[in-house]
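Novice: predicted model and sequence below, questions to follow.
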Amino acid sequence: MQEEIIFAGFGGQGVLFAGQLLAYTALAEGKHVTWIPSYGPEMRGGTANCTVVVSDEPIGSPVTKHPSIAVVFNNPSLEKYEELVKPGGLLVINQSLITIETHRTDITIVRIPATALASEMGDVRLTNMLLFSAMLAQRPVVSLETAQEVLLEKLGARKAELHAPNLAALARGWELGRQAAPASEST
């Protein structure tokens, strides 16, 4: 198994943290992993993306032109990465911020109103965990249980107040990802 995943959005949406969580979780499960961040000079509001490669075997290259999975947080990210996803791949879309239509029929497309749900849950910063776990529900690159454990470890005691909301977001995203219609029904 080898999955090449791109998380993409604006700076400040937790794009890089979602990729880091995937990378640390893969390491915790004994998998081979690479994580490469890319972001503009702005702290918030600029472009941000990261590529994570997870494999059972040694990884030949940490770079991918055609990811098997793309998790996109905004319109520019959808415009950039939709065409690049491999046929048979997965595209997870933040339906709250993405207003343009998709046109691929050869990939699975999952739409989650992540920003709206995160706001309802009391913290827009939960958007990344909702999309992350929806991705895992469709493609279990790592286990949700390990991701939960790693998340709590990375947040640590210093950010204990964030434990419960982030775990709730992971559970809700997983549920929505499991309920999502296949691409043929959702396009």
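Specialist: Received it, and whenever you're ready, just let me know what you need.
Novice: skipping adjacent residues, who's closest to the spatially most central residue of the chain in space?
Specialist: In the chain, the residue lying closest to the centroid (CA atoms, centre = their mean) is Phe132, at 3.7 Å. Counting by CB to CB, 6 or more residues apart in numbering, Ala18 is the residue found nearest to Phe132 once chain neighbours are left out, at 4.6 Å. C-beta here means a position set from N, CA and C on the backbone, and glycine is covered the same way.
Novice: could you do Ser143 as well?
Specialist: That would be Glu29: by CB to CB, 6+ apart, it lies 7.0 Å from Ser143.
Novice: and that neighbour, what's its pLDDT?
Specialist: Reading off the confidence values, Glu29 has pLDDT 95.
Novice: can you give the distance from stretch 9-28 to the centre of its chain?
Specialist: 7 Å (CA atoms, centre = their mean, to the nearest Å).
Novice: CA atoms of it as PDB?
Specialist: C-alpha atoms of stretch 9-28 as PDB (Å, rounded to 0.1, in the frame of the first residue of the first chain):
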ATOM      1  CA  GLY A   9      -6.000  25.500   1.600                       C
ATOM      2  CA  PHE A  10      -5.200  28.900   3.100                       C
ATOM      3  CA  GLY A  11      -2.700  29.500   5.800                       C
ATOM      4  CA  GLY A  12      -4.500  29.400   9.200                       C
ATOM      5  CA  GLN A  13      -6.900  26.600   8.300                       C
ATOM      6  CA  GLY A  14      -4.800  23.900   9.900                       C
ATOM      7  CA  VAL A  15      -3.700  22.400   6.600                       C
ATOM      8  CA  LEU A  16      -0.200  21.700   7.700                       C
ATOM      9  CA  PHE A  17      -1.300  20.300  11.100                       C
ATOM     10  CA  ALA A  18      -3.600  17.800   9.300                       C
ATOM     11  CA  GLY A  19      -0.700  16.600   7.300                       C
ATOM     12  CA  GLN A  20       1.500  16.400  10.300                       C
ATOM     13  CA  LEU A  21      -1.100  14.400  12.200                       C
ATOM     14  CA  LEU A  22      -1.300  11.900   9.300                       C
ATOM     15  CA  ALA A  23       2.500  11.600   9.200                       C
ATOM     16  CA  TYR A  24       2.900  11.100  12.900                       C
ATOM     17  CA  THR A  25       0.100   8.600  13.000                       C
ATOM     18  CA  ALA A  26       1.700   6.600  10.100                       C
ATOM     19  CA  LEU A  27       5.000   6.600  12.000                       C
ATOM     20  CA  ALA A  28       3.200   5.400  15.200                       C
END
